[in-house]
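Trainee: Prediction below, plus the sequence it came from.
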Amino acid sequence: MATMIAHELNQPIGSIANILRGLKARLQRGALTVETGAEALERATEQALYASGVIQRVRTFVDQRQPQVQRLDLARLARNTLDLLDWEITRDRVTARAATPPDLPAVLGDPVMIQQVLVNLARNALDAMRGVDLPRRELTIEARHSLDARQIELTLTDTGPGVPEEASARVFSPFFSTRSGGMGVGLGICRSIIELHRGRLWFTPGEAGGSVFHIALPLAAAENPTEEARP
């Protein structure tokens with residue numbers, strides 16, 4: 001639990017630090033406008049509120065051992081994920097988009113937990129593309145009905161260097177990481193959260209390189225909306 005909290009909070013805190021460094025640098029150069037400063041502070045506030053939500057959700061989860069289930073709009077969560085990461089996306093010159101049909105049915109889930117998963121996977125994609133010479137840097141979140149029409153499948157695709165073939169079978173293993181200094185707990189936590197919601201999380205290599213992470217969650221209509229998810 002301590003490892004999970006450290007991993008989840010390190011991301012928004014790191015973003016807040018980066019935003020404040022950027023503000024300081026602009027201020028020292030005399031290049032800080034009121035509009036730019038207000039926008040940066042808004043982004044920092046969003047990250048702080050996200051961190052607060054993580055802490056609250058962990059406390060609730062420890063007490064109740066189950067997520068707070070409600071009907072979720074995955075299209076909105078996908079857009080919110082990119083909004084939370086807007087500063088990093090702009091800094092790394094990544095083209096990011098959420099491609100979701102307007103009539104996408106609701107799924108059941110805990111909004112904070114599912115958001116944690118999406119942010120974690122998207123940040124992994126940004127990390128993979130950072131500092132690498134690539135012809136294009138793209139992050140795409142897409143949603144569609146699964147083949148059995150009882151689930152919504154969400155995919156996060158990047159154009160990074162991908163995962164080496166010998167490592168692809170171990171990406172969800174505890175304490176395994178392809179990044180130098182990585183803790184190797186993020187993907188394992190993500191899978192546990194999705195499985196707690198009676199869903200699945202898996203990885204496939206991108207057709208043109210990069211990585212694709214798939215999330216499948218049951219439709220709200222296919223579950224009892226009054227029943228809380230069980231491990």
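Mentor: Sure, I can see it. Since the model is a prediction, treat every value here as computed from it, not as a measurement. Numbering: from 1, shown residues only.
Trainee: Which SSE is immediately downstream of the lengthiest helix in the chain?
Mentor: Scanning the chain for the longest helix, with DSSP state H as the assignment, gives helix 34-64. For helix 34-64, the following helix or strand on the C-terminal side (DSSP states H and E) is strand 70-72.
Trainee: Which secondary structure elements does whichever helix or strand comes after that next one sit against?
Mentor: Along the chain past strand 70-72, the next helix or strand (assigned with DSSP H and E) turns out to be helix 74-84. Secondary-structure packing of helix 74-84 (3 or more Cβ pairs under 8 Å, 6 or more residues apart in numbering; DSSP states H and E): helix 34-64, strand 95-99, helix 111-129, strand 138-145, strand 151-158. For every residue, glycine as well, the C-beta is placed using N, CA and C.
Trainee: Where does pLDDT dip in this structure?
Mentor: By pLDDT under 70, the low-scoring segments of the chain are 1-8, 57-67, 147-149, 164-185, 222-231.
Trainee: Spatially central residue in it, please.
Mentor: residue 119 (1.8 Å; Cα atoms, centre = their mean).
Trainee: Check the chain for me, the residue farthest from its geometric middle.
Mentor: Relative to the mean C-alpha coordinate of the chain, counting by Cα atoms, centre = their mean, the farthest residue is residue 30 (34.4 Å).
Trainee: what about it, distance to residue 156?
Mentor: Using Cβ to Cβ, to the nearest Å, one obtains 39 Å as the distance from residue 30 to residue 156.
Trainee: same question, residue 196
Mentor: In this view, residue 196 and residue 156 are 19 Å apart by Cβ to Cβ.
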